[in-house]
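Q: Build me a model from this:
(2 chains)
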Amino acid sequence: MNTVTSLFDTPIDNLKFDEIVSANRNFEKNNRIDHPTHILFLGNITIDPITEYFKYLGYQEDLPLNIRIGGYNNILQEIIQPEGCLQKMLPDVIVLTIKMDHFNDKYANNFSSLKQDEIKYIKNELAGFIKTIIQEIRHRSNALILIHNFEVPVHTSLGILDYQKTTLEINSTREINQTLVELIANFQGTYIVDIENLKSMIGYENFIDNRNWYLTRLPYSHRALRLISKEYMKFIKAAKGKTKKCLVLDCDNTLWGGIIGEDGINNIQLGTSYPGSVYLDFQKSVLNLYNRGILLAICSKNNEPDVMEVFESHPYMILKKDHFVSMKINWNDKATNLKEIARDLNIGLDSIVLIDDNQFELDQVRQILPEVAVMKFTNLPGGLYKDLIYRSALFDTLSISEEDRLRSELYKADVNRNILKSKTKTMEEFFTDLEMEVSIRNADNFSIPRIAQLTQKTNQFNLTSRRYSESDISCFSQSDEWSVRYLELNDKFGNNGIVGVAILHFLKNSAVIDTFLLSCRIIGRTVETVFLTDCIEVARKKGYEKIIGIYIPTKKNMQVETFYPNLNFELTGKNGDTVCFQKIIRDFPIAYPEYFKIINRA
Amino acid sequence: MDESRLKRVMANIFDIPGAEINEESSMETIINWDSLKHIQLMTAIEEEFQIILSIENMISMTNYPTILKVLSEYEK
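A: Now for the predicted structure:
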């Protein structure tokens, strides 16, 4: 795959349009595209040129895209008809690009001629239309649905008067967008692409290109198309689990200005006036990430007492020691420290983002650990330090679960567990002292978001690495042919939340374990034996004599290669990379350790 | 006017060798040159030569000589 990296190394914004077209084509001519993500565009505008930007970004992320544009203004036909794009393509993602001009020209271009009840009628009709589209898609597909919201007009006939009233053009269109947000809340796997927000990022005059509109009904400028395709990519990366988990920060000239070891606590820059205010604002944005469940760590070349003094005594230090799950303050090289952080937290290096001001350090990390994302804390245009992390979208997810909000607490409990571990003699004693309680249940509305998230994000203890959306999980849980089980683990240090998912698929002669995964947080606690026992029990109750386990190797799940054989499953065959195992259920049950207390198995 | 830059852009957009592009090239002679590709060509030309074309220019630039003519006007 070396060709991929060399061909798509250049950031998209450094390339002209024809160079992007050419890079995509060269790659497609010389490579077989395996397992592309299928994207279907449906709408009432022309959007075709966006495919080149979108494909380029996909190749960059090693997520090849197969893009198809449905018939112009044929949205429902493409969804419903047997020969329509939806049935023919079976897309993974559907993008809806609906523009008001071709839904109701009067509303878009002659608003002043409409009476209040007509406006109300059009708005209801539009909401009904979009609802129908989503429903018709959902009857047939679990694809991720991305909906463009509506452009709020910039220039109106009433000018400054227009935005004084909720009923006039600007606020009325804002209300439509609000209604859209309320509407999608009723559907799983359905998200808004906030075109209005993107438009405000670069401004109306840069976003809209009326020449394209009049010649081909493409409303956007190419600059806008670049921006929109990047936005799509954020959703796809999040859906594919390419989300970072941990932010590692340097201290000097990152958390504060100056060098603590030389300048001392009274002279570093951190406070309410410039330049200290830059660092204070940056810390506030980091705190926001902490609050949404991103793990924070420090990796800094300093004397530890100097840094601790800042954490403990500086009045403007918004970030506290307690916010960090790991601190590496020493003179080792950063790559070594980052590897230790990954090991301590049991996360992959590709889940880590490093922010540092030192180009040399960043280059070194990039060389030694290319999977770590690095960002430089200097020379940002317009002083947007505060937006540095948000803009990167590296931590964007499709949902925030209760587990996410509690994550740092959970990791802190881990630290306490490790203290207990060092005090007790054998692992057996340690596990007994932990007083672990397991409950295993069928998926329900409360657990579905977290279950989907675990299938998307879990890489290590994951036998098949199959990624599912919330609507997939919801479908499985309602089907007789599937069973979705989730595992919660509590111990005397706290509730770990939902940390395991197993999905069983009931075929004619056997039950297949389609998905079996555990969160990295609880790997090594041997709870997988309890969970597998439960799966077998579910299959037995359904009347099956045989249960089948599958292992699909990835770069990251080597540790579970021998999971099934270790538990007396017998190897039955290989199909490409996929390895199949089976177990005759009546043979003998799997024994699980006595230190687990099973409190609920419904 | 550096014609090689224009030929590179057209070759990339239409997926044909640059050597095949000449005075005869037009929307009629190049199979891939449809109305959607035309808009893409216009964007690529704007980016390459750092100009902003008028909509009238865009409509007229459907053959190689006219493109050259329009570009030379921008050079003045």
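
Q: For chain B, just list every one of the helices.
A: Remark: helices assigned in chain B by DSSP state H are B:3-14, B:35-49, B:55-60, B:64-75.

Q: Show me the contact partners of the second one.
A: So the one you mean is helix B:35-49. Helix B:35-49 has contacts (Cβ atoms under 8 Å, 6 or more residues apart in numbering or on different chains) with A:16-18, A:21, A:46, A:48-49, A:52, A:212, A:215-216, A:218, A:222, B:5-6, B:8-10, B:12-14, B:27, B:33, B:51-53, B:58, B:61-62, B:67, B:71, B:74. Just so you know, the C-beta spots here come from the backbone N, C-alpha and C atoms, and that holds for glycine as well.

Q: Just confirm A:V248 is within a strand.
A: Yes: assessed by DSSP: H, G, I helix; E, B strand; the rest coil, A:V248 belongs to a strand.

Q: What residues does chain B have near chain A?
A: Selection of chain B residues close to chain A by Cβ under 8 Å from any Cβ of the partner chain yields B:8-9, B:12-13, B:15, B:35-36, B:39-40, B:43-44, B:47-48, B:53-55, B:58-59.

Q: Mind giving me the PyMOL command for buried ones among these?
A: The PyMOL selection below is limited to those of the residues of chain B next to chain A classed as buried (16 or more other Cβ atoms under 10 Å in any protein chain shown):
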select buried, chain B and resi 8+9+12+13+39+40+43+44+47+48+53+58
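
Q: hmm, which of the contacts of helix B:35-49 are the buried ones?
A: A:16-18, A:21, A:46, A:48-49, A:52, A:212, A:215-216, A:218, A:222, B:6, B:8-10, B:12-14, B:27, B:33, B:53, B:58, B:61, B:67, B:71.

Q: mind giving me the domain split of chain A?
A: Here the domain parsing of chain A from automatic domain parsing is A:2-239, A:246-392, A:416-601.

Q: From the chain's centroid, how far away is the first one?
A: Spelled out, that is domain A:2-239. Relative to the centre of its chain, domain A:2-239 is centred 20 Å away, using Cα atoms, centre = their mean, to the nearest Å.

Q: Number of residues surrounding A:L76?
A: For A:L76, the count of nearby residues is 15 (other Cβ atoms under 10 Å in any protein chain shown).

Q: That one looks like it's in a helix, true?
A: Yes: membership of A:L76 in a helix is supported by three-state DSSP.

Q: so who does it touch?
A: A:T132, A:I133, A:E136.

Q: Narrow those to those that are buried.
A: Buried by 16+ other Cβ under 10 Å: A:I133, out of those.

Q: quick one: which of the contacts of A:L76 is nearest A:N109?
A: For the contacts of A:L76, the closest approach to A:N109 (Cβ to Cβ) belongs to A:I133, at 23.0 Å.

Q: Surely that closest one and A:L96 touch.
A: Yes: with contact defined as Cβ atoms under 8 Å, A:I133 reaches A:L96; the gap is 6.6 Å.

Q: Please enumerate the shared neighbours of these two.
A: Residues touching both A:I133 and A:L96 (Cβ under 8 Å, 6+ apart): A:L42, A:I75.

Q: got a list of what B:I55 touches?
A: Going by Cβ under 8 Å, 6+ apart, B:I55 touches A:R211, A:Y214, A:L215.

Q: pLDDT score for it?
A: As summarised for this prediction, B:I55 has a pLDDT of 94.

Q: Please apply the same query to A:A127.
A: A:A127 is assigned a predicted lDDT (pLDDT) of 96.

Q: Same check on the one 5 residues further on?
A: The confidence metric pLDDT takes the value 96 at A:T132.

Q: With A:I39 instead?
A: Looking at A:I39, its pLDDT reads 98.

Q: what's around whichever residue of the stretch 401-550 of chain A sits closest to chain B, how many residues?
A: Here the stretch 401-550 of chain A gets closest to chain B at one residue, A:S469, 31.8 Å apart by Cβ to the nearest Cβ. By other Cβ under 10 Å, the residues close to A:S469 number 22.

Q: what's the nearest residue to it if we skip its chain neighbours?
A: Nearest residue to A:S469, sequence neighbours excluded (Cβ to Cβ, 6 or more residues apart in numbering or on different chains): A:G189, at 4.4 Å.

Q: Also A:G71?
A: Here the residue nearest A:G71, using Cβ to Cβ, 6+ apart, is A:E78, at 6.0 Å.

Q: now A:E528
A: In space, and not counting its chain neighbours, A:E528 is closest to A:L518: 6.0 Å by Cβ to Cβ, 6+ apart.

Q: Which single one of the contacts of B:I55 is nearest to chain B?
A: Chain B lies nearest to A:R211 out of the contacts of B:I55, by Cβ to the nearest Cβ, at 4.6 Å.

Q: residues in contact with the closest one?
A: Going by Cβ under 8 Å, 6+ apart, A:R211 touches B:L53, B:S54, B:I55, B:M58.

Q: Run through the bridge partners of the closest residue to A:E570 other than its chain neighbours.
A: Once flanking residues are discounted, A:E570 sits nearest to A:Q582: 5.9 Å by Cβ to Cβ, 6+ apart. Taking DSSP bridges as the rule, A:Q582 bridges to A:I548, A:E570.

Q: so A:Q582 touches A:N568, yeah?
A: No: using Cβ under 8 Å, A:Q582 is not in contact with A:N568, being 10.6 Å away.

Q: neighbour-wise, which of these two wins?
A: Remark: of A:Q582 and A:N568, A:Q582 carries more neighbours, 17 against 12, as counted by other Cβ under 10 Å.

Q: how much space is there between the more buried one and A:S399?
A: Distance, A:Q582 to A:S399, using Cβ to Cβ, to the nearest Å: 35 Å.

Q: Contacts for stretch A:240-248 next, please.
A: Outside stretch A:240-248, the residues touching it (Cβ under 8 Å, 6+ apart) are A:37, A:61, A:63, A:237, A:286, A:289, A:294-299, A:325, A:338, A:341, A:345, A:347, A:351-355, A:373, A:389, A:394-397, A:456-459, A:467.

Q: Now do the end-to-end distance for that stretch.
A: Stretch A:240-248 has an end-to-end distance of 23 Å (Cα to Cα, to the nearest Å).

Q: Give me the mean pLDDT for that stretch.
A: If you average the pLDDT over stretch A:240-248, you get 91.

Q: so how far is it from its chain's centroid?
A: Distance, stretch centre to chain centre, for stretch A:240-248: 8 Å (Cα atoms, centre = their mean).

Q: Surely A:V93 is in contact with A:I147?
A: No: between A:V93 and A:I147 there is no contact under Cβ under 8 Å: 11.7 Å.

Q: which residue sits closest to A:M201, ignoring its sequence neighbours?
A: Among residues not flanking A:M201 along the chain, A:L227 sits closest, at 6.6 Å (Cβ to Cβ, 6+ apart).

Q: burial measure for the residue nearest to A:S469, as a count.
A: 26.

Q: Flag every residue of chain A that's near chain B.
A: Proximity of chain A to chain B (Cβ under 8 Å from any Cβ) is limited to residues A:16-19, A:21-22, A:25, A:46, A:48-49, A:52, A:211-212, A:214-216, A:218, A:222.
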